[in-house]
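Asks: Here you go, sequence then predicted model.
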Amino acid sequence: MVETAEIYDVVVIGGGPGGYAAALYGASAGLRVAVVEKDKVGGTCLHRGCIPAKEFLETASVFRSVKGAAEFGISAPVEKVDFSISQTRKQKVVDQLWKGLSGLMKGRGITTYEGFGRYLGAGQVQIDQGEIIEGENIILAAGSAPRSIPGFEVGEFVLTSDEVLALNEIPSRVAVIGGGAIGCEFASMMSDMGSEVTIIEAMPQILTGCDKDVADVVVRSFKKRNIQTFVNAAVKGHQPKGDSTTVLFGDDQSVEVDKIIVSVGRRPFSDGLLGPASSVQVDQRGFVLVDEYMRTSEPGVFAIGDLIATPQLAHVGFAEAVLAIKTILGEAALPVDYAKVPWCIYTHPEVAFVGFTEVQAKEAGYDVIVKKDPFGGNSRARIIGETDGVVKVIAERLPDGKAGAILGVHMAGPWVTEQLGQAYLSVNWEATPDEIAQYIQPHPTLSEAFGETVIALTGRGLHVG
């Protein structure tokens, strides 16, 4: 038996959103908690993911606003973005959040170990093949890393999200391989800041998984902005020549670019995480297997976040962290309903949704009623000059023909990521349009579009038929 230096109630391997949320929530409950983090607490989301990406998307938004200022009678000539300044601002934002998080964890009495944590089994965690600490409970929250594809290894021309977020200048021509949420965010950002952008997607549409009416809003916006989009197109390789490279894809198609952004998802960071004495089971893709309460196959060991095969969203990691700690404490806890988690995509226009798409609802056996409200009729959207978009609400059709529980809400348009809250509550509380229609929506606001659409589902719409 290896002698251990410290024994904790909970040892968390990984200090990203899931890991630090578990630590903070557990410490608030009086548990003695340790976190082992190989880099900096905050993880990919804070340092190389959500936060840096959204800071750059905000830079793109400001640039877009300044370029369009003449429509409001404001003369503000601007030629380009000094991306190095945006990079400096991004790092300032990240550092401020990191310091705040570090101070919060310290204030809660959480011990943080710097190094690679490996779960050996029997409650023991080894740090950088040296010091061993022990936990009555272990939470695996090691996160994920960008996936790669053969022939597109990271180098002079090929970037993953990690490298994109470290750029100091915007390339003139970019190919984005993968038209999912992250790929489309990068495409939107690069285009707004002056790049010629080409998206290459192997599936039949970009933003697979989004309701088609919502995805089509983004497709039309991309087309107007001259973002070339190829779907049903597999990449075959690229041929560097001088300062550029040519991407080969589809049926003998090609495009010459300065940089290639590979955005084909992320893989669980489970390599080397488990020692031979551990009985934690991992599937063929590297995901740790858990039950609905985040418990692995080894008693006292939990796994959360990108390490398990659930939506790779920071807020899902938060929810899983709370669930794991509640289970450790023996408290009543509800499993996460993954069919009803909120999704936000920060393209221009933004996308936000929760619950079933129209197709999914029908496939699940529901007879549905659907109402849609375009943002073109919304007064606030007209005021700010952002009218591309739609709100789509899907409800169950009851035997009497009236609308029952709201099954899904899907939005594309200005600031819809900030409007999703009431839709999320409606879907998760299985509320009906008759109930939600009684809520007073302030006027003029963008959020009125949701209220108008719900009122229409009652059969007595105002501006929506």
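Replies: Sure, I can see it.
Asks: I'd guessed Pro433 sits against Gly451; true?
Replies: No. Counting by C-beta atoms under 8 Å, Pro433 stays clear of Gly451, with 10.4 Å between them. C-betas here are computed from N, CA, C, even on glycine.
Asks: Name the spans of the stretch 251-400 of the chain whose pLDDT lies under the cut-off.
Replies: Within the stretch 251-400 of the chain, no stretch has pLDDT under 70.
Asks: tell me the average confidence for the longest helix that the chain contains?
Replies: Longest helix of the chain, by residue count under DSSP state H: helix 83-107. The average pLDDT for helix 83-107 rounds to 96.
Asks: can you pull the buried residues of that helix?
Replies: Residues of helix 83-107 classed as buried by neighbour count (16 or more other C-beta atoms under 10 Å): Phe83, Ser86, Gln87, Lys90, Val93, Val94, Trp98, Leu101, Ser102, Met105.
Asks: quick one: the first one and Asn168 touch, right?
Replies: Okay, so that is Phe83. Yes. If you go by C-beta under 8 Å, Phe83 and Asn168 touch, sitting 6.2 Å apart.
Asks: And the residue nearest the centre of this protein?
Replies: Centroid-nearest residue in the chain, with C-alpha atoms, centre = their mean: Leu313, separated by 4.5 Å.
Asks: So that one versus Gly14, what's the distance?
Replies: Relative to Gly14, Leu313 is positioned 16 Å away (C-beta to C-beta, to the nearest Å).
Asks: Repeat that for Ala187.
Replies: Counting by C-beta to C-beta - Ala187 and Gly14 are separated by 30 Å.
Asks: The two: who's more crowded?
Replies: Gly14 (32 against 29; other C-beta atoms under 10 Å).
Asks: before we move on, what SS does Leu57 have?
Replies: Per DSSP: H, G, I helix; E, B strand; the rest coil, the local secondary structure of Leu57 is helix.
Asks: what sits against it?
Replies: Applying C-beta atoms under 8 Å, 6 or more residues apart in numbering, we find Leu57 in contact with Glu185, Ser188, Met189, Tyr346, His348.
Asks: What does the pLDDT read for it?
Replies: So Leu57 comes in at 96 (pLDDT).
Asks: got it, and Gly401?
Replies: For Gly401, the predicted pLDDT is 94.
Asks: how many neighbours does it have?
Replies: With other C-beta under 10 Å as criterion, Gly401 counts 9.
Asks: how close does it sit to Asp367?
Replies: In terms of C-beta to C-beta, Gly401 sits 10 Å off from Asp367.
Asks: domains for this structure, by residue range?
Replies: 6-146+267-338, 158-264, 349-457 (automatic domain parsing).
Asks: after the longest helix of the chain comes which helix or strand?
Replies: strand 111-114 (DSSP states H and E).
Asks: Which residue, other than its chain neighbours, is closest to Glu430?
Replies: Ala405 (4.4 Å; C-beta to C-beta, 6 or more residues apart in numbering).
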